[in-house]
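Engineer: sharing a model prediction with you, sequence too.
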Amino acid sequence: MNCRNSSLSGGLVALGLAAAGLLGGCASPPAPKPAATPHHDATALTVIAEADLKRGDCRGASENYARAAADGDAQLARRATQVAMACEHLPAAWAAATRWRSLAPNDREANALYAAVALKLYRTADARSAINDFWRAEEQLEAGSAAAPQASPVPGAPAPGLALPGRTRTPQQRASRSMSELTALLLEESDAPAVLTAMSGALEPTASSPDTFTLLGELALAAYDGQRAQGYAQRALQLDPKDLAALRVLARGYVMRGDAPQAVATARRAQADDATRGGFELAEILASLDRSEEAHQQLELLRAGGAPQAEVNRRLALLAFNSGDMKEARQRFTELLASGEGNDAAQLYLADIAARDGDPEGAIAAYRRLYDSSVAIPARSRAAALLLDRSSRTEALALLDDYAAEHPEDELDLTLAKARLLADHGEADAGLALLSAALERHPQHPSIEYDRAVILEQAGHVHESVEALEHMLTERPDDPTLQNALGYTLADHTLELSHAETLIRRALTVMPDNPAAIDSLGWVQFRQGDARGAAATLAHAYSLGHDPEIAAHWGEALWVSGQQAEARRVWAAALAREPDSKHLKATIKRLIPDAH
């Protein structure tokens, strides 16, 4: 199943609570629950809910808090919303957030968390309404006074990745920062196309600052809509022609649309305005266009011009890694660590390089040093995959279970990771059993339902997978990720090809530059017998996202259309980037049985 663009699963947002303390033992199966008592008193239900939390019964706590909130005040509804969101119990979170917002319609936190739950449930119109209320409150603060104190961050929002540093904050810019924080929270809970639809409907009608248009442009990039990103960036630049963040969005929009000359020209325009930051942006654009040598030269020019050495070295290491030069990448990441400029991420890259170089023992040892670091989950997950490769099942699963016991706020993400690992190692039924148990704890959770459909297909239960995706689509008919997943699944198994194409094209109207969806379209064309047309479509998909599965499809289309030498070149380049891709290696083996 083509699920590479799935953004349904996201990390837990702590929502201003000490999440581990809140969830207590919720990562473990709850203790037997006493017989239910038909309490209707909010205070009594609150006591029961707190007892549920202490016993590790996250579902019971969520449901009892939601019942209590139905007759409680705004503070109780707030607590109920936070508990249900921390427990990933979406029906309870929706009931509690709805109650909270009805009691406190002008509360910015109530509107933020209501929007987050609404988007997770794909209730886009409801989310847009709450974002509108949040935005109106910010506009009122902006209009109040230039000396007004800065609003506190959105509770639970991650550090905003879209905020613009280095500026004196006017009231208008403070409002934009708050929207940036809200956007970061929403992206934790939902996929970018849905967030863009909701945010643009709320912000665009009254937007008047470069920051707001740039924020929407960043969202459009995340949603794989390059043309829309360009439009927002150009509107920002009309207000401030030297806005570096807007130039960055514009350049990346050109990359996404396949216009390399304009992308480079825009980056050079940014460089002319800011030699260092614009220079780094030019290097990024060159790298994204696969012009690695030019990107390397640009970074060395920045070094010679006095740019921060640590930043130059970090980018050179990443450039080598992403271009498949593991020898240079290892050397550069090692030097970063030796100089004190490295971090947990640099150590994770070195562990990944060891795994790619066929040194599983060295890789596991390197991952082990990161088991309690800021990259603990990817380190443990990748080590677990290597352990499963050598049939050390108990040790592999313990890596994830032990972490979940210590970090219950990550329980759902770890369960999903474990289910995928089991399925990838031939234990799809065990993975499905884990997901069934997870649905008991987190009813109607879209991430679990989606992963269940993926693993059903992996296990060969194609019709059940299709049925599961179709059921999800009845509840989320405009979700482009689901449309693409169902369309690809049908195409991959040569089922209902016309319907598959219709679904994929619908997805592409929302995310026209999504490489996974473009890959799906190319694969439909291939299944319909148009290998040459498919090869052109798949080449475009691979230029946008260097995914080894896309390379496998592209090479197969080239091979079938008589371009075997070009197919070999495509596969060789993709293997240099992703030497462990099972799908890519299986495709090559099937078409070239004597390949090594």
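Structural biologist: Alright, I've got the coordinates.
Engineer: what stretches of the stretch 451-596 of the chain score poorly on pLDDT?
Structural biologist: The stretch 451-596 of the chain contains residues with pLDDT under 70 at 596.
Engineer: can you rerun that using 80?
Structural biologist: For the stretch 451-596 of the chain, the stretches with pLDDT under 80 are 595-596.
Engineer: before we move on, what about the stretch 151-300 of the chain?
Structural biologist: Looking at the stretch 151-300 of the chain by pLDDT under 80, you get 151-176.
Engineer: what number of residues lie near Leu103?
Structural biologist: By other CB atoms under 10 Å, the residues close to Leu103 number 17. (Each C-beta comes from the backbone N, C-alpha and C, glycine too.)
Engineer: next one: it from Ala92, what distance?
Structural biologist: According to CB to CB, to the nearest Å, Leu103 stands 17 Å off from Ala92.
Engineer: mind listing what's buried along the longest helix anywhere in the chain?
Structural biologist: Secondary structure assigned by DSSP state H gives helix 124-144 as the longest helix of the chain. Neighbour-count burial for helix 124-144, with 16 or more other CB atoms under 10 Å as criterion, is recorded at 124, 126-135, 137-138, 141-142.
Engineer: list the helices and strands it packs on?
Structural biologist: helix 108-120, helix 171-189, helix 192-203 (3 or more CB pairs under 8 Å, 6 or more residues apart in numbering; DSSP states H and E).
Engineer: touching the shortest one from outside, list them.
Structural biologist: Contacts to helix 192-203, defined as CB atoms under 8 Å, 6 or more residues apart in numbering, come from residues 7, 115, 119, 122, 124, 127-128, 131-132, 134-135, 179, 183, 186-187, 212, 215-216, 219-220, 222-225, 228, 479-481, 510-511.
Engineer: returning to that earlier point: most tightly surrounded among the helices and strands packed on helix 124-144?
Structural biologist: By mean neighbour count, with neighbours taken as mean count of other CB atoms under 10 Å, helix 108-120 ranks first of the helices and strands packed on helix 124-144 at a mean of 26.
Engineer: where are the low-confidence patches of the stretch 301-450 of the chain?
Structural biologist: Scanning the stretch 301-450 of the chain with the threshold set as pLDDT under 80 gives no residue ranges.
Engineer: so which of the helices and strands packed on helix 124-144 gets nearest Gln262?
Structural biologist: helix 192-203 (22.6 Å; CB to CB).
Engineer: what angle do helix 108-120 and the closest one make with each other?
Structural biologist: 140 degrees (axes from the mean of the first three to the mean of the last three CA atoms, to 10 degrees).
Engineer: past helix 192-203, which element shows up next along the chain?
Structural biologist: Next in sequence after helix 192-203, counting helices and strands by DSSP states H and E, comes helix 210-222.
Engineer: gap between that following helix and the chain center?
Structural biologist: 17 Å (CA atoms, centre = their mean, to the nearest Å).
Engineer: what does that helix rub up against?
Structural biologist: 162, 164, 172-173, 176-177, 179-180, 183, 187, 192, 195-196, 199-200, 203-204, 207, 226, 228-233, 235-237, 239-240, 243, 245-246, 249-250, 252-253, 256.
Engineer: returning to that earlier point: from the buried residues of helix 124-144, which has minimum pLDDT?
Structural biologist: Ranked by pLDDT, the buried residues of helix 124-144 bottom out at Glu142, which has 63.
Engineer: quick one: Ala354 and Gly278, what's the gap?
Structural biologist: 36 Å.
Engineer: brain fart, Pro193
Structural biologist: 30 Å.
Engineer: now swap in Asp478 and tell me
Structural biologist: Asp478 is 38 Å from Gly278, by CB to CB.
Engineer: out of the helices and strands packed on helix 124-144, flag the one nearest Arg369.
Structural biologist: helix 171-189 (27.7 Å).
Engineer: any idea of the angle that closest one forms with helix 192-203?
Structural biologist: 150 degrees.
Engineer: now for helix 171-189, which elements pack on it?
Structural biologist: For helix 171-189, the packing partners by 3+ CB pairs under 8 Å, 6+ apart are helix 108-120, helix 124-144, helix 192-203, helix 210-222.
Engineer: fine by me, thanks again.
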